[in-house]
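> turn this into a structure:
(4 chains)
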Number of protein chains: 2
Amino acid sequence: MAVSKKEEFTTEEIWLADVAKSLSHPARIKILKMLNEMNSCMVGSLVDKLPLAQATVSQHLKELKRVGLIDGEIDGPKICYCVNAKALTKAKSALDKLFNKIGCC
Amino acid sequence: MAVSKKEEFTTEEIWLADVAKSLSHPARIKILKMLNEMNSCMVGSLVDKLPLAQATVSQHLKELKRVGLIDGEIDGPKICYCVNAKALTKAKSALDKLFNKIGCC
DNA sequence: ATAACTTATCGTATATTTACGATGAACGAT
DNA sequence: ATCGTTCATCGTAAATATACGATAAGTTAT
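As a prediction, the model looks like this:
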């Protein structure tokens, strides 16, 4: 594309699209589910259960972290990732708001 | 990328990621809002209110249609788009399900 | 300080997305 | 049948995303 037009929308629209983008890969959906379900959330545990190389998993984690859906906490040589409940709630209510006003022409 | 790994996930994960992808551009978020709010939903009306060329808007509509979030109905020379309430509800509940089990390590 | 371990980042290749002008296809009206 | 209107599709250029091996950077233990 010659130039991006994304900045010509409202902050809310850009933010919500950005959250959706962070959810737009099955690996990231699965990572969120795993962080919800597993007690251990070190990167190594995620890599073991995903069909992806460590570098790729790290990239997906970075994308989820970028929009704030997860946080990483240093734990010795490891890093423990966890979902950010506040961000998840905010995203959920914004999507609910978008989805709830259903109309048709 | 050498080869896509997306097919190595569950159908549900792939589908939800696909829905999220269709929402991952502010123009498509705005289009959904407009279809909810406007009475008229012809492509021309959307083009008038978006900072994008007609061809680009058509491409965004195609993406929303691909995942079933909207439907297009032929109305003479025009096409009337409307949100698919059933698809929206399904997407909403899948996202709620994902977001509701909040845990942290 | 060296070694082993864990994760991030770099470099790179390929695929996909975004954007637009130009063109085509379908319709209604003249 | 030709014209104007409406929208989709084609072709194309540039940006971004995906994936991985290699490497760096940090920590813990020896």
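> which parts of chain A sit against DNA strand C?
Residues of chain A lying close to DNA strand C by C-beta under 7 Å from any atom of the strand are A:1-6, A:42-44, A:47, A:54-55, A:58-59, A:61-62, A:72, A:77-79. Placement of C-beta: from N, CA and C, glycine included.
> quick check: pLDDT value at the spatially closest residue to A:Val83 that is not a sequence neighbour.
Of all residues not flanking A:Val83 in the chain, A:Leu35 sits nearest, at 5.1 Å (C-beta to C-beta, 6 or more residues apart in numbering or on different chains). For A:Leu35, the pLDDT comes out at 93.
> among the residues of chain A next to DNA strand C, name the buried ones.
Neighbour counting by 16 or more other C-beta atoms under 10 Å in any protein chain shown classes A:5, A:42-43, A:47, A:61 among these as buried.
> which residues does the residue most central in space within chain A contact?
Nearest to the geometric centre of chain A sits A:Leu64, at 3.4 Å (C-alpha atoms, centre = their mean). Applying C-beta atoms under 8 Å, 6 or more residues apart in numbering or on different chains, we find A:Leu64 in contact with A:22, A:28, A:31-32, A:70.
> switch to 7 Å and redo it
A:22, A:28, A:31, A:70 (C-beta atoms under 7 Å, 6 or more residues apart in numbering or on different chains).
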